[in-house]
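Asks: build the 3D model from these lines:
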Amino acid sequence: MTQLGPLADIDRMITTAWERPMAELEAAAAQRPVEDALLRSIMRARQALIHADTTARAHQDRLHALTSPGVIASFDLDRITTSANALRVATAEADMAMRTITYLVDSRELADQAGRVSPGRVQAAVARSVPESMRGVEANHDSAALPPPASPHPSPEPPRR
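Replies: Numbering: from 1, shown residues only. This is a model prediction of the structure:
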C-alpha cells in the first residue's frame, strides 16, 4: 500500500537521516537496551503521528457523513460540533508530532555537523567568546594564595568533656 501525505514525507525524512530502511529503524528503536535514544524518540513521535492522523481521518469522515445532503443527522448540531472539535484536536496533535520529528531530525543533523568540527576551531571559538578583560586571568592566578578546598564530608567534632 502506498503512503500519501505527511506520513510519507516524515518517513522519507527519517530514512534519509539514518540512511536505513524504515523496517530496520523500527526494529532498532524497539531493542533494549536502547542504542539510539534519539531514534527511539523519533519513532515514538511517528507512532503518535500515525495515531493522530488516523483519528483525524475518522473524525473527518464522520463530519462528512453528518453534514451530507439528505442526512437527517445534519440538524444534530451537538454531534457536528463535537466531531468538528475532535477533528481540530487530532489535526493539531498530528501537526505537533510532525514538528517534533522535524526538530529531532534537525538536531541529529546539527549534532553530526558539530561532531565533524575540528578541536582547533572549537578552541578558537571559545577564545573569541571570552571577553578581552578576562583573557590571561587563569595564567596570572596564584593558586598558593587560595585556601585548600573544603572537604565534602567534614570530620565529626570530638566529644566535649
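Asks: quick one: least confident helix or strand in the chain?
Replies: Confidence across the helices and strands of the chain bottoms out at helix 119-129, with a mean of 63, counting by mean pLDDT, DSSP states H and E.
Asks: and after the helix or strand hosting residue 52, which helix or strand comes next?
Replies: Using DSSP states H and E, the secondary-structure element containing residue 52 is helix 37-67. Secondary structure here is assigned by DSSP H and E; on that basis, the next helix or strand after helix 37-67 toward the C-terminus is helix 77-115.
Asks: and that following helix with helix 37-67, angle?
Replies: Using axes from the mean of the first three to the mean of the last three C-alpha atoms, to 10 degrees, the direction of helix 77-115 lies 160 degrees away from that of helix 37-67.
Asks: got the buried residues for helix 77-115?
Replies: Residues of helix 77-115 classed as buried: 80, 83-84, 86-87, 90-91, 93-94, 97-98, 100-101, 104-105, 108 (neighbour count, 16 or more other C-beta atoms under 10 Å). Yep, even glycine has a C-beta here, placed from its N, CA and C like the rest.
Asks: ok, now which ones touch residue 43?
Replies: 25-26, 29-30 (C-beta atoms under 8 Å, 6 or more residues apart in numbering).
Asks: format these as JSON lines; extra columns: distance to residue 19, neighbour count and secondary structure.
Replies: Compiled in JSON lines, these are given as follows (distance: C-beta to C-beta, whole Å; neighbours: other C-beta atoms under 10 Å; DSSP: H, G, I helix; E, B strand; the rest coil):
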{"residue": "25", "distance to residue 19": "10", "neighbour count": "22", "secondary structure": "helix"}
{"residue": "26", "distance to residue 19": "15", "neighbour count": "14", "secondary structure": "helix"}
{"residue": "29", "distance to residue 19": "15", "neighbour count": "20", "secondary structure": "helix"}
{"residue": "30", "distance to residue 19": "19", "neighbour count": "10", "secondary structure": "helix"}
